[in-house]
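Engineer: sequence and predicted model, in that order:
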Amino acid sequence: MAKTVSDLMVERLIDWGVDTIFGLPGDGVDGFFEALRTHQDKLHFIQVRHEEAAAFAAVGYAKYTGRIGVCVATSGPGGIHLLNGLYDAKCDLQPVLAITGHTFHDLIGMSYQQDVDLDKLFMDVSVFNQRLMGPSHVENVVDMAIRAAYGRRGVAHITVPKDMQEWSVKDEHRSKANVANHSADLSAPLNVLPARALLERAAEVINDGSKVTIFVGRGALHAREEVTQLAETVGGPVVKALLGKGVLPDRSPYTTGGVGLLGTAPSVDAMNECDTLIMIGTSFPYMEFLPKPGQAKCVQIELDPTRVGLRHEVDVALTGDSKTILQALLPLLKKKKDKFLKAAQDRMKDWNELMNERGTRKDMPMKPQVVTHTLNRLLNNDAIVSADSGTIATWTARYIEIRDQMQFSLSGMLATMANGLPYSIGAAAAYPGRQVVCVVGDGGLSMLMAELTTLVKYNMNVCVIVIKNNVLGQIKWEQIILEGNPEFGVELHPIDFAKVAEACGARGFTIERPDEAESVLREALAHPGPKLVQAVVDPNEPPMPGKVTTDQALHFAKALLRGQKDAAEIIKTIAADRIREVI
């Protein structure tokens, strides 16, 4: 039987080392799915319940493996559903390939059913975006799409008309300019090393500083050893952007943890007091948490030249791979006394004691910190943890501690809800033997809750921890603390997620009391296959920032005066938190 366009596409994906594809079938991709069926011994298809989840799963797969994530959707609405997950990939610079169907090639633009020009719709989200034009176009397009996704760190999109997917290769009409077999299935890594003079200038700036803070992001995840050596050499603390949480273990003596609204007080101090800042692989957006203009000299190590100076004024920029650059820079640095680092370590000791005190509280209703604090002690040293957006990101960032080979991620720059569960699907597909846990809120989980059946269908060893407070917590506290308004439109109708999990075929567990947390979580984590733990928590526990500003305090007081419901309970909770912090 003659090969089809779809056969060529699938075989080229396999040539590139693609082994997993996430998606949902539809008549607009029937030909492509036939090729997936006949090649299923080499390319594993995972069916999700919503195309958005397919895109998220591809992002999670890319984040946790470093390899391209691939998703597929049908023409029209199927492709449209991919977009939110694809924007997550775009914002966090992840290599993802989206393959979509299109209507019949000779009815495009004729108002036929599901006639949506997805190649036009995907223009903004994609670094490569092309409509396939026939058999002789396949190899070129697939190769270029994957090279672009890797090289430009973003989304590549290929759309294929429905009938063209089944065209026979023998019917191809190759142009004379398109020399057969000219395209290579190879992506060249970028390991550019800056000029020696630039490295020496950077070293001079760092050597002249007396209080050096190192700020790392996702671009330094593969440079743990070098970042550790840098911190030891310059005698300065390492502050971590959230996507860079895995750069150093959270109990490393060199780190003060995260920064920002969900960061730590010692990290705020490290930023406020430093006279030299080394930024490595981060474009952390919240500039108000960085050193004030004119306060600190800055050396930035960044792969993308367009992001140099995006958040902070820069004295020396070193563009290229962070690990390679640090290996060249370290021999040029002078060993400093660790007085600045020692101050940060003392503060971090106090902060960790505070977090432990809050995470072991016996109050009722149960505090959300109790759940993540307890979970942290039970995780394997190579666990893969995904979090959703919202207050859940705070509880996870502060209480789940990276150690050894653990991995962590969430939706960074897009900060979309509903990513946590699909990320875990991508992780479990890539690493079926590892412990995979997602920590999500009831708002985010309910958006793509049907993906629990995906876990069951493929018997994925994923533990879903849902923090249930029946409110969109992050929005609630933003309305109160950032805007000075009483909460509105944020209450959620309760869902019994444990029963939903059981109805889907997974094990369901419930925690309502602090003294139940360890035994229930231990049992859930030990259960083979998919499981869900719903933890019923206090909706009035705020995700307090490391340090509260005067404006935040004033907005909070204003919201209470304007009629915030449960004001007395909120004041009681915050007062207890503040007293504990002062003590």
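Structural biologist: Yep, it's here. Please read all numbers here as calculations on a predicted model, not as lab measurements.

Engineer: name the helix or strand of this protein that has the lowest mean pLDDT.
Structural biologist: helix 567-582 (a mean of 56; mean pLDDT, DSSP states H and E).

Engineer: flag the shaky bits of the stretch 251-400 of the chain, pLDDT-wise.
Structural biologist: Nowhere does the stretch 251-400 of the chain drop to pLDDT under 70.

Engineer: where do the helices sit along it?
Structural biologist: Assigned by DSSP state H, counting those that start in this stretch, the helices in the stretch 251-400 of the chain fall at 265-273, 322-329, 339-359, 368-378, 391-399.

Engineer: ok, now the stretch 51-200 of the chain?
Structural biologist: Going by DSSP H, counting those that start in this stretch, the stretch 51-200 of the chain shows helices at 51-65, 77-91, 118-121, 135-151, 196-208.

Engineer: pick out the residue closest to the middle of the chain.
Structural biologist: The centre of the chain sits closest to Leu410, judged by Cα atoms, centre = their mean, with a distance of 2.9 Å.

Engineer: torsion angles phi and psi at it?
Structural biologist: Dihedral angles of Leu410 (phi, psi; degrees, to the nearest 10) stand at phi -160, psi -180.

Engineer: tell me, how many residues neighbour the residue nearest to it when sequence neighbours are not counted?
Structural biologist: In this structure, Leu410 finds its nearest non-sequential neighbour in Ala387, 4.2 Å apart by Cβ to Cβ, 6 or more residues apart in numbering. In short, each C-beta sits where N, CA and C put it, glycine included. Ala387 is flanked by 29 other residues according to other Cβ atoms under 10 Å.

Engineer: from Glu232, how far out is Ser252?
Structural biologist: Going from Ser252 to Glu232 by Cβ to Cβ, to the nearest Å gives 11 Å.

Engineer: more neighbours: those two, which one.
Structural biologist: Neighbours were counted for Ser252 and for Glu232 using other Cβ under 10 Å; Ser252 has more, 20 against 16.

Engineer: give the contact list for the closest residue to Asp538 other than its chain neighbours.
Structural biologist: Nearest residue to Asp538 in three dimensions, chain neighbours excluded: Pro365, at 3.9 Å (Cβ to Cβ, 6+ apart). Contacts for Pro365 (Cβ atoms under 8 Å, 6 or more residues apart in numbering) come out as Val536, Val537, Asp538, Pro539.

Engineer: distance from the chain centre to stretch 358-376, please.
Structural biologist: 24 Å (Cα atoms, centre = their mean, to the nearest Å).

Engineer: report the buried residues of it.
Structural biologist: 358-359, 361, 365-376 (16 or more other Cβ atoms under 10 Å).

Engineer: kindly report the same for stretch 100-114.
Structural biologist: Thr100, Gly101, His102, Thr103, Phe104, His105, Gln114.

Engineer: so what sits opposite the second one in the bridge?
Structural biologist: Right, Gly101. Beta bridges link Gly101 to Val160 when assigned by DSSP bridges.

Engineer: so it sits right up against Gly78, yeah?
Structural biologist: Yes - counting by Cβ atoms under 8 Å, Gly101 does reach Gly78; the two are 7.2 Å apart.

Engineer: next, show the common contact partners of those two.
Structural biologist: Gly26, Gly28, Val29.

Engineer: of the contacts of Pro365, which is the nearest to Val471?
Structural biologist: Closest to Val471 out of the contacts of Pro365 is Pro539 (4.8 Å), distances taken as Cβ to Cβ.

Engineer: can you confirm that closest one is in a strand?
Structural biologist: No - using DSSP: H, G, I helix; E, B strand; the rest coil, the assignment for Pro539 is coil, not a strand.

Engineer: so what's it closest to, chain neighbours aside?
Structural biologist: Asn469 (4.0 Å).

Engineer: count of neighbours near the one you found?
Structural biologist: 24.

Engineer: measure it to Leu375 for me?
Structural biologist: For Asn469, the distance to Leu375 equals 17 Å [Cβ to Cβ].
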